[in-house]
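Asks: Prediction below, plus the sequence it came from.
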Amino acid sequence: MASRSKHVKPENQRILRGEVLARERVSPHMLRVTVGGGELADEFTPRGWDQWFRLFVPRPGQDVLHLPGSVTLRGYARFLAMPDSRRALLRNYTVRAARPGEIDIDLVAHGDVTATTPSAAGWAARCEVGSPVALLDEGVGWAGDGTHDWTLVVADESGLPAALGVLASLPADARGLALLEVPTPEDSQPVVGPAGVEVRWLARDDHDAVPGVLALRTVVAATLPAGRPYAFVVGEQALAAGVRRHLVARGVDKRDITFCGYWRHGARPAR
């Protein structure tokens, strides 16, 4: 399995073009798009863990990807100055799995998303084999140094690809606990990871429940293993911040916690 001790970011970043190879619904609330070909097949380097990237896809009605001329601040500024009708849709995602020449991307499918919705999930619902796509590898956020006694992984459905990537990258002798919140029991997925890491699927089964609340409540109520942990917490902003606050209050060193709010409940979606 993969092994590393510090943050990894590509030395020479550039946007890589490719295309859609396949699309499928893997659970009631998760769509998977497999991309590859072109520059992605030859130049994308899988790094394991929570490897993330910037995803560029066509908006509804677009058949050509208009991308930044460069990955500099000036290049992005010019890109963002383009009208929506011309500019590609840009979102951040995590590698769900990678094989030679192929990358799986899992996207949460909300009930109100249709093929005409101007979002990445809308793109996933309408894209076809051969549709253009581009990725900018941003590296890995996991920063565990291998000296901790056990690992805590917490995520809602938006953080599920990152959480499953981390579990698959842990050493075989790792111990710990993974709390993975999903909308329904049917949204759970097969897990590849160390036998010593207990995986608990937390199904909301309440369409009005705010994602992340159940996972946060479970962490607060849990009896955690003894010893020094390394915690990886991703998903809705209040979940990530709340788990970090709780762990610090229990004496966990802030340097032993990686947390990231991927989205905020109630926030207006980006255009």
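Replies: Received it, and whenever you're ready, just let me know what you need.

Asks: Report the residue spans of the stretch 51-200 of the chain with pLDDT below the cut-off.
Replies: Scanning the stretch 51-200 of the chain with the threshold set as pLDDT under 70 gives 111-115.

Asks: domain parsing for this protein?
Replies: Following automatic domain parsing, the chain resolves into domains at 16-139, 150-263.

Asks: Can you lay out these as a markdown table showing mean neighbour count and distance to Pro10?
Replies: All C-beta atoms are positioned from the backbone trio N, CA, C, and that covers glycine. Listed next are those as a markdown table, based on neighbours: other CB atoms under 10 Å; distance: least, CB to CB, whole Å:
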| stretch | mean neighbour count | distance to Pro10 |
| --- | --- | --- |
| domain 16-139 | 17 | 5 |
| domain 150-263 | 19 | 17 |
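
Asks: Out of those domains, flag the one nearest Val8.
Replies: Across the domains of the chain, Val8 has its closest neighbour in domain 16-139 (4.9 Å, CB to CB).

Asks: Centroid-nearest residue for the protein?
Replies: Thr94 (3.5 Å; CA atoms, centre = their mean).

Asks: Checking my notes, it in a helix, right?
Replies: No - according to DSSP: H, G, I helix; E, B strand; the rest coil, Thr94 belongs to no helix; its state is strand.

Asks: Specify the local secondary structure of the residue nearest to Gly212 when sequence neighbours are not counted.
Replies: Leaving aside its sequence neighbours, Gly212 sits nearest to Leu239 (CB to CB, 6 or more residues apart in numbering; 3.1 Å). Using three-state DSSP, the structure places Leu239 in helix.

Asks: Before we move on, what's the pLDDT of Leu239?
Replies: Predicted confidence (pLDDT) for Leu239: 98.

Asks: Verify the contact between it and Pro211 for me.
Replies: Yes - if you go by CB atoms under 8 Å, Leu239 and Pro211 touch, sitting 7.5 Å apart.

Asks: joint contacts of the two?
Replies: 156, 181 (CB atoms under 8 Å, 6 or more residues apart in numbering).

Asks: How many residues are close by Gly141?
Replies: Applying other CB atoms under 10 Å, we find 20 residues neighbouring Gly141.

Asks: From Gly159, how far off is the nearest residue to Leu21 once chain neighbours are set aside?
Replies: Excluding the flanking residues, the one nearest Leu21 by CB to CB, 6+ apart is Thr34, at 4.6 Å. Distance, Thr34 to Gly159, by CB to CB, to the nearest Å: 20 Å.

Asks: Can you name the residues in contact with stretch 55-74?
Replies: 13-15, 17, 75-76, 78-79, 82, 84-93, 105, 115-118, 120, 122-123, 126-127, 131-136.
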